[in-house]
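J.: Got a predicted structure here, sequence first:
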Amino acid sequence: MARVLLHTVEDPRRCSYLPEETAALELKLLVDIGPQEYEDMMARGWRRFGFAYFRPACTACAACVSLRVPVASFAPSRSQRRAAKKGLALRSEVGPVRVDAARLALYAAWHAGREDARGWEPMPLTQQDYARDFAVPHPCARELAYYDDSAASGPGPRLVGVGLCDVTPHAWSAIYFYYDPAYASLSPGVVHVLTLIELARRLGQEHVYLGYRVSQCPSMRYKAQFRPHQLLEGRPAPEESPVWR
């Protein structure tokens, strides 16, 4: 059973998605949480990053809405089918989260591309930073790595994408994804979500959680393109049944 080390709400700050708005997160630091406990939190709009579990607690704005894809009824669009076809050039591999030089280099290349294209602030990661932010031991944590077997990179195939995910009894949750900018034409972000949906389908799981849709933010709008999808109503408490519509 989960132990709560901290439960707090942030002071309001400038929103990183909608700069004209203020934002705040409800935050819990938890240890010893089980997969079903975590899934119950996901169904109420919580996300995980390391030991931190969070969801929006903004008072003046409700633009961040939890979105999940029901696996059984999902139907890819024409453009998503094209992306899946292109994605056949890559091999995916599910395993534990790893920290090594290849992942650090790939993350650095991806972030540098975002700095150039979107004006992101530089954020170099050391091996210790990566382990703390992405590889905290957790019973649900998985890594979905993508390789180009036709392109040698040192002694083995070339690592071109990494998806950090959680798997619970009935769902997958997409936490973070980064990739080699040289492979942008393959639509790796779309391929990653489609791969998660297919994994969930094979395992008989019900949902893939994609985090928060922010319809006014271009970089977060893509999530709504996976249809049909469900949106969570409000911010249900632990004793409340979540309503997805």
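T.: Yes, it's here.
J.: which non-adjacent residue is nearest the residue nearest the centre of the chain?
T.: Centre of the chain computed as the mean C-alpha position; nearest residue by C-alpha atoms, centre = their mean is Ile175, 2.2 Å away. Leaving out its chain neighbours, the residue that sits closest to Ile175 by C-beta to C-beta, 6 or more residues apart in numbering is Leu164, at 4.6 Å. To be clear about C-beta, it is placed using only N, CA and C from the backbone, and glycine gets the same treatment.
J.: chain center to stretch 76-96: distance?
T.: Relative to its chain's centre, stretch 76-96 lies at 16 Å (C-alpha atoms, centre = their mean, to the nearest Å).
J.: Any buried residues in that stretch, and which?
T.: Residues of stretch 76-96 classed as buried: Pro76, Gln80, Ala83, Ala84, Gly87, Leu90, Ser92 (neighbour count, 16 or more other C-beta atoms under 10 Å).
J.: ditto for stretch 205-220
T.: Going by 16+ other C-beta under 10 Å, stretch 205-220 has these buried residues: Gln205, Glu206, His207, Val208, Tyr209, Leu210, Gly211, Tyr212, Arg213, Val214, Cys217, Met220.
J.: Could you export these as TSV, including secondary structure, distance to Ala102 and pLDDT?
T.: Converted to TSV, the buried residues of stretch 205-220 look like this (DSSP: H, G, I helix; E, B strand; the rest coil; distance: C-beta to C-beta, whole Å; pLDDT from 0 to 100):
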residue	secondary structure	distance to Ala102	pLDDT
Gln205	coil	29	97
Glu206	coil	33	98
His207	strand	31	98
Val208	strand	26	98
Tyr209	strand	27	98
Leu210	strand	26	98
Gly211	strand	26	96
Tyr212	strand	30	96
Arg213	strand	32	95
Val214	coil	32	94
Cys217	coil	31	89
Met220	helix	28	86
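J.: Name the pair among those with the greatest separation in space.
T.: Farthest pair in those (C-beta to C-beta) is Gln205 and Cys217. Separation: 28.0 Å.
J.: Could you chop this structure up by domain?
T.: 3-63, 69-225 (automatic domain parsing).
J.: Determine how far the last residue of the first one lies from the first.
T.: One end of domain 3-63 to the other measures 30 Å (C-alpha to C-alpha, to the nearest Å).
J.: Quick one: neighbours of the closest residue to Arg213 other than its chain neighbours, just the number.
T.: Among residues not flanking Arg213 along the chain, Leu67 sits closest, at 4.4 Å (C-beta to C-beta, 6+ apart). If you count neighbours by other C-beta atoms under 10 Å, Leu67 ends up with 21.
J.: thought Leu67 was touching Pro228?
T.: No - assessed by C-beta atoms under 8 Å, Leu67 is found out of contact with Pro228, at 10.9 Å.
J.: quick revisit: and the residue nearest to Ile175, how far from Glu121?
T.: Computed as C-beta to C-beta, to the nearest Å, the Leu164 to Glu121 distance reads 21 Å.
J.: Give me the more crowded residue out of those two.
T.: Leu164 (19 against 7).
J.: Can you tell me the SS state at the more buried one?
T.: For Leu164, the assignment made with DSSP: H, G, I helix; E, B strand; the rest coil gives strand.
J.: what do you get for Ala89?
T.: coil.
J.: again with Ala112
T.: helix.
J.: Leu144 contacts Ser92, doesn't it?
T.: Yes - using C-beta under 8 Å, Leu144 makes contact with Ser92 at a distance of 5.9 Å.
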